[in-house]
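> A structural model of the following input is requested.
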Amino acid sequence: MTTIISHPDLLLHDHPTNPNHVERSDRCRAVLEALNRQGEPTDVSEELAPSLMSRCQYADARPVTRAELLLCHSQEHITMFDELGRTNVRAEWHEFHFCGA
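Below you'll find the model as predicted:
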């Protein structure tokens, strides 16, 4: 069975300087809506096919550790978020969630 790992905070996340960045709330919302959408009626009956999400498990992502962030981001990138976190910008690295292997 496929497991969808996500977190509700993803729907709050938007890139601070690039509204078309891949990590944005409307993209995450569109993916979840597509997974929850029922399919077309099957040839056998007039019933709608079940949604993809109904055939998956769902798990909340846990908060990420600094070591996990370093697997895919440079120390400089993480430091930038540490510095932003000291301002009024809501961008601390520990607010991100780990979703991968």
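> break the chain into its domains for me.
Dividing the chain into domains by automatic domain parsing, as the record does, gives the ranges 1-60, 63-101.
> worst mean pLDDT among those?
Ranked by mean pLDDT, these end with domain 63-101 at the bottom, a mean of 70.
> which residue ranges of this structure form strands?
Taking DSSP state E, the strands of the chain run over residues 3-6, 57-60, 62-63, 97-98.
> out of the ones you listed, deepest packed?
Among the strands of the chain, strand 97-98 has the highest mean neighbour count (mean count of other CB atoms under 10 Å), at a mean of 16. All C-beta spots, glycine's among them, are computed from the backbone N, C-alpha and C.
> just want the phi and psi numbers for the closest residue to residue 34 other than its chain neighbours.
Closest residue to residue 34 in three dimensions, ignoring its sequence neighbours and counting by CB to CB, 6 or more residues apart in numbering: residue 52, at 7.8 Å. Backbone geometry at residue 52, expressed as degrees, to the nearest 10, gives phi -60, psi -40.
> I figured residue 52 was touching residue 35, is that so?
Yes. Taking contact to mean CB atoms under 8 Å, the distance of 4.9 Å between residue 52 and residue 35 places them in contact.
> what about the residue nearest to residue 37 when sequence neighbours are not counted, distance to residue 29?
Beyond its immediate neighbours in the sequence, the residue positioned closest to residue 37 (CB to CB, 6+ apart) is residue 51, lying 5.9 Å away. Remark: distance between residue 51 and residue 29 (CB to CB, to the nearest Å) = 15 Å.
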